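What follows is a predicted protein model with its sequence.
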Amino acid sequence: MATAYNYLVIVFCTTAGQRGALLGTDETDLILLVWVVVDLETNKVVSFQQSFIRPDESEVSDDLCKALGVQRDVIMESASLDVVLQQFDHYLRTELNTSEGATFCLCTDGQLHVRQCIHPQALKKNVELQDYFCNFFDIRKEFRKCHPEAPQITTVKDMADYLKIECGKYNFTETGHDECATIAQIVQRLVAEGHIFSDPEDISRKYEPGTYEKTDRVPDETVVKARGLPWQASDRDVFRFFKGLNIAKGGVALCLNLHGRRNGEVMVRFVNQQHRDMALQRHRHNLGKRYVEVFKGTSEDFIRVAAGTSREAALFLSRDDGHIIVRMRGLPFTSSAKDVVEFFGPEVPVAGLEDGILFVKHRNGKMTGDAFVLFATEEIATRALAKHKEYLGTRYIEIFRSTTAEVQQVLSRLHQEPLLPEGPHHPQIQSIPHHHHPAMIPQPHPHPHLIHGIPHPFPAHIPGHMPVPAAAVPAGLVRDCIRMRGLPFTATIEDIMAFLGEFADFIRPQGVHMVYNLQGKPNGEAFIQMLTAEKAFHTAGKCHMKYMGTRFIEVFQCSAEEMSYMLTGGVVNPKPPTVTPPVSSVISPTTPQIPYPQHSHAGTIIPTSYQQPRPHPGATTTMMPHPATHPMYFFPSPPVSPTGQLYYPTAAATNSAIIRLRGLQYGATQQDVANFFQGYGAASMSGPRVDWQ
């Protein structure tokens, strides 16, 4: 009878750990490979072989040795996996006369022996598998094709009983001898009934990139979410982690954080639910030295990560015909595609030359210093990655593996989404009449490593308005602030005012907030409150990527809540502390004494009296607008640079002999302070007056 193959090679695997339905879920080593050869033309069993495999890491239990009927030494003195597979390949090619055109295909009971054992184990031990391991027949599916009317099948014995094949007494899950013999009888019965073994199961040999649209529909039962990946992992690494399972085209979508960096999570789409379920069994398997957690995912999460809205990215990815994508970072802003091609040189050719390069740009068309590049093969991409941190001009370039999903995410976020997530939508707040005060959200005591926001009271001549506490912050529904990033660490308020130029006239009084790191030093960022959202929009559009000295400054429009989100370490509206906050220690010693509101142990605020601050000459000099139309914002951040003394309010009677210290150790005494100033004429060495804050 004519068949698609001349032989079927029935394969059975035993590991040192789980067997049966859990085979391969614990990553234990293979210790036994059994195979039976059936001649489909003569419908006879022609060979029955087995080989023990020496485990590299797994322990072989006494119970397993007893079930297999061998001593532990027999297993431990066996050949390694690569040698056994070489012997297996040699046997098939010599005994089955493949050199004369004979063909064969593997056959297993279910999917686990090949997909969950042989492929993952070979990859883990760096053993290259022959191509015939990528095709096999699942005897259960072949049985169902021939007998669709049969009841539910869960074991080989169920199929044998339905076909009235005498099995006798045997062990199905340990040695594999009886199971392979029974499968051989089932194959012979199906062949005798006229069944033709064709269209075998296929295992993907390499990852196939692809793109998705926001309107694409993906079944929920085909998606998983994995986390714990090394940050440098690529889509190819994810494909290798799930080796043996078929991932859909473009089905690996690495997730990025708010700053466009990989966060160790990935959304993966498989071809069907069966492969998804086997992927879930790889929960806490290892990728390199890290274990990866695998959970069920949703189609919405996958599309949100994998799909993009940038036409520029879609055009670039349309040229990706199985190419490898790498990401370059740190390019000079004057770089061209020709410069990138010359950077890699003729030994590392870029696929499509200049058409294979996509520069990442801001919405205003200015360069970000990033680019995505296509390479034709894995070998060329590896040589490209070897140029990591080589110089292009005066700048060294960072090079990483990338993915189609990363290209989509980076371009889509940069062109359409704000820098930080918007706050929750509150339609009830939007409907508040203009004559009411905006909703204020209580904030905790400022972070001890950030300069406290200095409260700016409403003008004393406006009756009926009490000073607003410094710990109150608005919901941030209006994007009337800007964020500056990349400031020189020596930048002052005067530098920022000069940088903004004419737009400095639209800054609210006390509206400049410098950001400081844990050591109390500027971190190169600042937030500025503008009079209106329109002014903030125009300021960001005109000043973005302008230079302050030798540094370009990024300027983004943001809201009050976004500003609070960054200044509180990424916590929006956290709960107030229940203990006394530590002493503030970030005000410059040369700054005149400033009365701050006192916080009680319960987190409430005891108002203090202070005078109207003197505005900076570069800022607006108009009276503070009425709070009903222009609410004040207060944040746990420095309103000005520590050196900009004109922005600090002064006490009613300023004493030039009074200074303020920062960085004192907890428990410091008055005598410690006096000893510190010994020789500088500190008044009353018997004990200077110390006011603790």
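Yep, it's here. Everything numeric here is computed off the predicted structure, so don't read it as measured data.

So, low pLDDT: which residues of the stretch 401-550 of the chain?
415-477 (pLDDT under 70).

Please apply the same query to the chain.
The chain contains residues with pLDDT under 70 at 1-3, 169-174, 259-260, 309, 320-322, 415-477, 567-657, 665-666, 677-693.

Find the centremost residue of it, please.
Note on the chain: the residue nearest the mean C-alpha position is N263, at 2.1 Å, using C-alpha atoms, centre = their mean.

Dihedrals phi and psi, that residue?
Backbone torsions for N263, taken as degrees, to the nearest 10, come to phi -110, psi 10.

so who does it touch?
C255, L256, N257 (C-beta atoms under 8 Å, 6 or more residues apart in numbering). C-betas here are computed from N, CA, C, even on glycine.

Which of the three states applies to the spatially closest residue to G176 that is not a sequence neighbour?
Nearest residue to G176 in three dimensions, chain neighbours excluded: F12, at 3.5 Å (C-beta to C-beta, 6 or more residues apart in numbering). Secondary structure assignment for F12 (DSSP: H, G, I helix; E, B strand; the rest coil): strand.

wait, F12 sits on W35?
Yes. Between F12 and W35 a contact is recorded at 7.3 Å, counting by C-beta atoms under 8 Å.

beta partners of the residue nearest to G176?
Partner residues in beta bridges with F12, using DSSP bridges, are V34.

Now do the contacts for it.
If you count contacts by C-beta under 8 Å, 6+ apart, F12 has them with L33, V34, W35, T108, D109, H113, G176, E179, C180.

Dump the residues you listed to TSV, plus neighbour count and distance to D82.
Listed next are the contacts of F12 as TSV, based on neighbours: other C-beta atoms under 10 Å; distance: C-beta to C-beta, whole Å:
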residue	neighbour count	distance to D82
L33	23	12
V34	20	18
W35	21	17
T108	24	21
D109	22	25
H113	25	18
G176	26	21
E179	23	25
C180	24	23
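
now those in a markdown table, with distance to S204?
What follows is the contacts of F12, written out as a markdown table (distance: C-beta to C-beta, whole Å):
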| residue | distance to S204 |
| --- | --- |
| L33 | 23 |
| V34 | 26 |
| W35 | 24 |
| T108 | 17 |
| D109 | 22 |
| H113 | 17 |
| G176 | 27 |
| E179 | 27 |
| C180 | 27 |
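
which of the residues you listed are the two that sit furthest away from each other?
L33 and D109 (14.3 Å; C-beta to C-beta).

The stretch 151-300 of the chain: strands as residue ranges?
201-202, 223-227, 247-256, 262-270, 285-287, 290-296 (DSSP state E, counting those that start in this stretch).

Name the residues of the longest one that are buried.
If I follow you right, that is strand 247-256. By 16 or more other C-beta atoms under 10 Å, the buried positions in strand 247-256 come out as I247, A248, G250, G251, V252, A253, L254, C255, L256.

Looking at the residues you listed, which one is closest to Y516?
Lowest distance from Y516 to those (C-beta to C-beta) belongs to L256, with 27.2 Å.

didn't that closest one look like it was pressed against R262?
Yes. Counting by C-beta under 8 Å, L256 does reach R262; the two are 6.0 Å apart.

what residues are shared contacts of those two?
E406.

Quick one: the strands of the stretch 151-300 of the chain as CSV, columns for distance to P55 too.
Converted to CSV, the strands of the stretch 151-300 of the chain look like this (distance: least, C-beta to C-beta, whole Å):
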stretch, distance to P55
strand 201-202, 27
strand 223-227, 27
strand 247-256, 29
strand 262-270, 29
strand 285-287, 16
strand 290-296, 20
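
Of all the ones you listed, which one is nearest I165?
strand 201-202 (23.5 Å).

Residues in contact with that closest one: which ones?
Strand 201-202 has contacts (C-beta under 8 Å, 6+ apart) with Q111, C134, N135, F136, F137, D138, K141, N246.

Most widely separated two among these?
Pairwise over these, using C-beta to C-beta, the maximum falls at C134 and K141, 16.8 Å.

Test my guess that M530 contacts I482.
Yes. With contact taken as C-beta under 8 Å, M530 and I482 are classed as touching, separated by 6.4 Å.

higher neighbour count, these two?
Between M530 and I482, counting by other C-beta atoms under 10 Å, I482 is the more crowded of the two (26 against 23).

coming back round to it: can you tell me which of the contacts of N263 comes closest to K387?
In terms of C-beta to C-beta, no member of those lies closer to K387 than L256, at 23.4 Å.

Against A381, how distant is that closest one?
21 Å (C-beta to C-beta, to the nearest Å).

Likewise for H285?
Taken as C-beta to C-beta, the span from H285 to A381 is 26 Å.

and what of F344?
Between F344 and A381 the distance is 11 Å, computed by C-beta to C-beta.

What of G524?
Distance, G524 to A381, using C-beta to C-beta: 34 Å.

Neighbour count: the two, which is higher?
Between G524 and A381, A381 has the larger neighbour count (other C-beta under 10 Å), namely 23 against 17.

Same question for the more buried one, what's its three-state structure.
Following three-state DSSP, we place A381 in the helix state.

quick one: it and I324 touch, right?
Yes. Contact criterion C-beta under 8 Å: A381 and I324 qualify, at 3.7 Å.

what residues do these two have in common as contacts?
Residues touching both A381 and I324 by C-beta under 8 Å, 6+ apart: F375, R401.

is it true that C146 touches L190?
Yes. At 5.3 Å, C146 and L190 qualify as touching, with contact defined as C-beta under 8 Å.

Give me the more crowded residue out of the two.
Shown here are C146 and L190; by other C-beta under 10 Å, L190 has more neighbours (21 against 17).

how far away is the more buried one from S80?
In terms of C-beta to C-beta, L190 sits 36 Å off from S80.

just to revisit the earlier point, what's the closest of the contacts of F12 to A102?
Looking across those and measuring by C-beta to C-beta, the closest to A102 is W35, at 16.1 Å.

mind listing what that closest one touches?
By C-beta under 8 Å, 6+ apart, the contact set of W35 is V9, I10, V11, F12, S47, Q49, Q50, F88, C180.

Any quick ChimeraX command for the buried ones out of these?
Buried residues within the contacts of W35, by 16+ other C-beta under 10 Å, are selected in ChimeraX with:
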select :9,10,11,12,50,88,180
